[in-house]
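Chemist: Here is a sequence with its predicted model. Questions after.
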Amino acid sequence: MKLHLNGELREAPELATLADLTAWLDLPAFGSAVELNGEVIRRADHPATPLQEGDRLEVVRLVGGG
C-alpha cells in the first residue's frame, strides 16, 4: 500500500485502519496526532477509520523540554 506520509511517498504493509498505521509506526498512545487527507482524526476514531491507497497523512509527535 502506498501512502503519502509527512509529504513523502511510503510503501506500507496492507493497513486496514488508522489504528493499524499508528501501531505500525509505533506511535505512543499520548502525545501524537494524525491528520488524514486534511482532517485531524480523534484517537478514539482511529480503529474505525479506514485507510486507502494514496491517502495523505501528517503525523506529529509532541516533544517536551525546556
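Modeler: Arrived safely, thanks for sending. Numbers count the residues shown, from 1 in each chain.

Chemist: List the residues that contact Arg10.
Modeler: Shown in contact with Arg10 (C-beta atoms under 8 Å, 6 or more residues apart in numbering): Lys2, Leu3, His4. No exception for glycine: its C-beta is placed from N, CA and C like everyone else's.

Chemist: Spell out the secondary structure type for the residue nearest the centre of the chain.
Modeler: The C-alpha lying nearest the average C-alpha coordinate of the chain belongs to Val34 (C-alpha atoms, centre = their mean; 4.8 Å). With DSSP: H, G, I helix; E, B strand; the rest coil as the basis, Val34 sits in strand.

Chemist: how close does it get to Asp45?
Modeler: Applying C-beta to C-beta, to the nearest Å, the value for Val34 to Asp45 is 10 Å.

Chemist: Need the overlap of contacts for these two.
Modeler: With C-beta under 8 Å, 6+ apart, Val34 and Asp45 have common neighbours Leu18.

Chemist: picking up where we left off before, which residues does the residue nearest to the centre of the chain bridge with?
Modeler: With DSSP bridges applied, Val34 shows beta-bridge pairing to Ile41, Val59.

Chemist: which stretch of helix or strand covers Ala63?
Modeler: Careful, residue 63 is Val; it's not Ala. If you go by DSSP states H and E, Val63 is not part of any helix or strand.

Chemist: what are the phi and psi angles of it?
Modeler: The phi/psi pair for Val63 (degrees, to the nearest 10) reads phi -130, psi 130.
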